[in-house]
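Peer 1: give me the fold of what follows.
(4 chains)
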There are 2 protein chains.
Amino acid sequence: MAHTVKAVAELAGISVRTLHHYDEIGLLKPAQVSASGYRLYTQSDLERLQQVLYFKELGFGLHEIKEIIDSPGFDRKRALLEHRQLLAERQNRIEKLIHSVDRTLEAMERGIQMAEKDMFEGFDHTKYEEEARQRWGHSEEYRQSEQRTKKYTKADWAQIQQESGAVYQGLVSVMDRDPADPEVQEWVRQWHEQINKWFYQCSTEVFRGLGDMYVADERFTKNIDKYATGLAAFMKEAMHVYCDRLEGK
Amino acid sequence: MAHTVKAVAELAGISVRTLHHYDEIGLLKPAQVSASGYRLYTQSDLERLQQVLYFKELGFGLHEIKEIIDSPGFDRKRALLEHRQLLAERQNRIEKLIHSVDRTLEAMERGIQMAEKDMFEGFDHTKYEEEARQRWGHSEEYRQSEQRTKKYTKADWAQIQQESGAVYQGLVSVMDRDPADPEVQEWVRQWHEQINKWFYQCSTEVFRGLGDMYVADERFTKNIDKYATGLAAFMKEAMHVYCDRLEGK
DNA sequence: CTAAACTATCACGTTACGTGAGGGTCAACA
DNA sequence: TGTTGACCCTCACGTAACGTGATAGTTTAG
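Peer 2: Reported below is the predicted structural model:
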């Protein structure tokens, strides 16, 4: 009932080497290994491989794919629905490329010069790929953060811990005030500054969204409310005020 | 009127590093370079870049793209028409992926198990990419040949020259006979053998097609008929007979 | 039993850039 | 004119995702 590498490779249109590679990096480990060391893939493995290939098709890196599929909340059905939407958008992009070809041909027929921007309509991957990543919590900010933090030393982390702890404590101590209070806002400014300094370039928009996430995402809420019950909600309000003020300038 | 790297990169949705790379490998060299060493891209460069990006989008490697665009017969209009067709086929493939998603979802709803092959419908790039390459004379055989011959020494080439020369001379000496003649067929068998040995795995089908090309492609005809006028046509006939016999087994 | 097909691991190489370092050039502004 | 930020250059190591070939064990059909 289980398949060896050649069969799976042929089924999926990939190479045996690819399957070896996926095994090595923990992306797709066969459910069984025979006594002689042969990889044996089950139906469940095939289902996972299908997901891997859809994510890969949509532009995700293998490391990213692993994190997404391995996360506790991963839901196969939801994933398929997301894939479908993103594939439909891929079609839109190809439509744009075809349209651009047509317009180039037309310009040539007419002997006129095409607007330069129109010549490259549809080639820009980044918009589509960024959207795909954001659907799975792998935004540009997340990636920037990963890029930066991978080089941090223990000392760096200790400093981050200390600085953020200070802000959390500060915010706890002023929780009885209005979120617009000057001291509250000063702690929020420091929080914003720390994120920019240690993690990623944090625009006003992103900072506001982060505040929303503190409340909307249970993991954030749970983590922050360790300092004081209701801190996450308080921070969200204060961050919104802060952003309103920044944008009012 | 000319653009520097940042402007071009933004226009085309690629990185500055990519433009540097393309310059390095001779794929897209700017028409001008300023006194201070700045790359300056003209309208003509943008047109070439557009072609590069279309080929890249369709799965060609950069080396391949360079060869195609630089070949004497390259025609921009024809290229655009080809791109259009291949992009339309890309859409077909994505349609298959979407269809496969739908079928997976349906199977899940019904609690049934999907046919394994259906799970991976649409993922196989190779068929489409091989077709794209064949449109530009970069078939699997061409690539195999390149892969093998890049490692050949002068001695290898001398041997190849000698062996093929012997076959050509042999065929010339029997040109007055029927293409089905045993001795003619023996020379053809040797020719087939040499191709398999030195260049690529040559199926009957491919060998037959090669014979057709000897006549249909002027470059082949001209080269082969150096040995004797009419040799290319004679070889084609003999090769067809040879293949008919192989397939008759 | 045998040979061909399949399997494994190992490891270097390839492709197409990404990234950071170090330094020169350009243009707007004080 | 000097300054500063944005843009430019070359250099070169690193990355991601395998491809390729070598060597050797295992399976399967004739």
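Peer 1: scan chain A for its longest helix.
Peer 2: Ranked by residue count, the top helix of chain A under DSSP state H comes out as helix A:76-110.
Peer 1: so which elements touch the helix or strand following that one?
Peer 2: Following helix A:76-110 in sequence order, the next helix or strand is helix A:116-119 (DSSP states H and E). The contact analysis (3 or more C-beta pairs under 8 Å, 6 or more residues apart in numbering or on different chains; DSSP states H and E) places helix A:116-119 against helix A:76-110, helix B:5-12, helix B:43-57. Placement of C-beta: from N, CA and C, glycine included.
Peer 1: mean pLDDT, distance to A:I14 and mean neighbour count for those - can I get that in TSV?
Peer 2: Shown next, in TSV, are the helices and strands packed on helix A:116-119 (pLDDT from 0 to 100; distance: least, C-beta to C-beta, whole Å; neighbours: other C-beta atoms under 10 Å in any protein chain shown):
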stretch	mean pLDDT	distance to A:I14	mean neighbour count
helix A:76-110	91	17	16
helix B:5-12	92	30	17
helix B:43-57	94	21	19
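Peer 1: of these, which is nearest DNA strand D?
Peer 2: Evaluated over the helices and strands packed on helix A:116-119, closeness to DNA strand D peaks at helix B:5-12, with 3.0 Å, by C-beta to the nearest atom of the strand.
Peer 1: right, is the closest one up against DNA strand C?
Peer 2: No. Figure legend: helix B:5-12 not in contact with DNA strand C (C-beta under 7 Å from any atom of the strand); closest approach 9.1 Å.
Peer 1: can you list contacts of that helix?
Peer 2: A:116-117, A:119-120, A:123, B:3, B:15-16, B:18-20, B:38-39, B:41, B:45-46, B:49-50, B:53 (C-beta atoms under 8 Å, 6 or more residues apart in numbering or on different chains).
Peer 1: A:R103 against A:M114, yeah?
Peer 2: Yes. Assessed by C-beta atoms under 8 Å, A:R103 is found in contact with A:M114 at 6.4 Å.
Peer 1: rewinding a little: what is the orientation angle of the longest helix of chain A with helix A:43-57?
Peer 2: Here helix A:76-110 runs at an angle of 30 degrees relative to helix A:43-57 (axes from the mean of the first three to the mean of the last three C-alpha atoms, to 10 degrees).
Peer 1: just checking, what packs against helix A:76-110?
Peer 2: Short answer (3+ C-beta pairs under 8 Å, 6+ apart): helix A:76-110 packs on helix A:43-57, helix A:116-119, helix A:126-135, helix B:43-57, helix B:76-110.
Peer 1: and the end-to-end length of stretch A:193-210?
Peer 2: By C-alpha to C-alpha, to the nearest Å, the extent of stretch A:193-210 from end to end equals 14 Å.
Peer 1: whoops, stretch A:31-46 was the one
Peer 2: Stretch A:31-46: ends 10 Å apart by C-alpha to C-alpha.
Peer 1: repeat that for stretch A:171-187.
Peer 2: 6 Å.
Peer 1: contact partners of that stretch?
Peer 2: Taking C-beta under 8 Å, 6+ apart as the rule, stretch A:171-187 contacts A:167, A:170, A:188, A:191, A:227-228, A:230-231, A:234-235, A:237-238, A:240-242, A:245.
Peer 1: distance of the most centrally placed residue in chain A from A:L27?
Peer 2: Centroid-nearest residue in chain A, with C-alpha atoms, centre = their mean: A:H138, separated by 0.5 Å. As judged by C-beta to C-beta, to the nearest Å, A:H138 and A:L27 stand 16 Å apart.
Peer 1: point out where chain A drops to low pLDDT.
Peer 2: A:1, A:126, A:219, A:249 (pLDDT under 70).
Peer 1: re earlier: make a PyMOL selection of the buried ones in the contacts of stretch A:171-187.
Peer 2: Buried subset of the contacts of stretch A:171-187, written as a PyMOL selection, criterion 16 or more other C-beta atoms under 10 Å in any protein chain shown:
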select buried, chain A and resi 167+170+188+191+227+231+234+235+237+238+240+241+242
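Peer 1: ok, back up a step: could you dump the helices and strands packed on helix A:116-119 to a markdown table with distance to B:D70?
Peer 2: Below are those laid out as a markdown table (distance: least, C-beta to C-beta, whole Å):
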| stretch | distance to B:D70 |
| --- | --- |
| helix A:76-110 | 20 |
| helix B:5-12 | 20 |
| helix B:43-57 | 10 |
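Peer 1: adding distance to DNA strand D as columns, could you present those in a markdown table?
Peer 2: Formatted as a markdown table, these follow (distance: least, C-beta to the nearest atom of the strand, whole Å):
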| stretch | distance to DNA strand D |
| --- | --- |
| helix A:76-110 | 17 |
| helix B:5-12 | 3 |
| helix B:43-57 | 12 |
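Peer 1: who wins for proximity to B:I98 among those?
Peer 2: Among those, helix A:76-110 comes nearest to B:I98, with 5.1 Å by C-beta to C-beta.
Peer 1: off-centre distance for that closest one?
Peer 2: Distance, stretch centre to chain centre, for helix A:76-110: 23 Å (C-alpha atoms, centre = their mean, to the nearest Å).
Peer 1: name the residues of chain A found near DNA strand D, please.
Peer 2: So chain A meets DNA strand D at A:14-15, A:17-18, A:21, A:34-38, A:56, A:61-63 (C-beta under 7 Å from any atom of the strand).
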